[in-house]
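*Asks:* okay, here's the prediction I keep looking at, along with the sequence it came from:
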Amino acid sequence: MSDLDDIGSADGWRCWLCDASVDPDMSVNDPRGPSIDSRMTKSKAKKRKAAPPPPRLAHRGCNTGKGAVEAVVPWADHLFVGDPAAILASVERLERKGGREIMGRCPTEDDATEAADWLVDRISRLAPGLDVSAEVEPGGGHFMVALRV
């Protein structure tokens with residue numbers, strides 16, 4: 001079995017960047033085809049004096065689109081979140097330090113609950129080993145969404 005098959009199986013054949021399914025039978029030259037990607041650039045891992053995280057499955061187009069810069073994991077378009085935090089940066093801090101991260105604010109408790117549920121689900125695939133939970137707290141006329149490890 002190849003590295004691509006092993007990594008694809010481990011990631012459930014979902015792109016770690018866009019979270020959409022990846023067809024293992026599609027050509028690796030097609031933008032929607034499978035490719036292997038790093039979650040962190042080598043230079044960033046070197047600055048932290050840590051080994052880079054294991055490779056992840058990505059669509060060829062998602063991988064090529066980000067190039068050698070830090071990846072951006074987007075929030076879902078249907079969520080109503082003000083001042084959304086950068087998901088990947090927050091996950092990396094939680095992995096290193098633990099604790100709590102405020103991820104955004106929502107106008108209603110229902111919006112905040114939907115965003116919290118989506119975040120926990122998304123992060124379960126983004127960082128499978130991270131045991132994260134979400135909290136919704138009122139504050140300043142909004143509802144804050146926080147992640148806790």
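*Replies:* Thanks, I have it. Numbering: from 1, shown residues only.
*Asks:* confirm Asp77 sits in a helix?
*Replies:* No. Assessed by DSSP: H, G, I helix; E, B strand; the rest coil, Asp77 does not belong to a helix; its assignment is coil.
*Asks:* what's near enough to touch Leu147?
*Replies:* The neighbours of Leu147, taking Cβ atoms under 8 Å, 6 or more residues apart in numbering as the test, are Ser90, Leu94, Arg100, Glu101, Met103, Leu119, Val120, Ile123, Val132, Ser133, Ala134, Glu135. (C-beta placed from N, C-alpha, C; glycine too.)
*Asks:* and what of Val73?
*Replies:* So Val73 contacts Trp16, Leu17, Ile87, Leu88, Val91, Arg122, Leu126 (Cβ under 8 Å, 6+ apart).
*Asks:* can you name the two of those that are farthest apart?
*Replies:* Of all pairs drawn from these, the widest gap by Cβ to Cβ lies between Leu17 and Val91 and measures 12.9 Å.
*Asks:* how about the residue nearest to the spatial centre of the chain, what does it touch?
*Replies:* Within the chain, the residue whose C-alpha comes closest to the C-alpha centroid is Leu126; the distance, by Cα atoms, centre = their mean, is 4.2 Å. Leu126 makes contacts with Trp16, Asp19, Val73, Ile87, Leu88, Val91, as judged by Cβ under 8 Å, 6+ apart.
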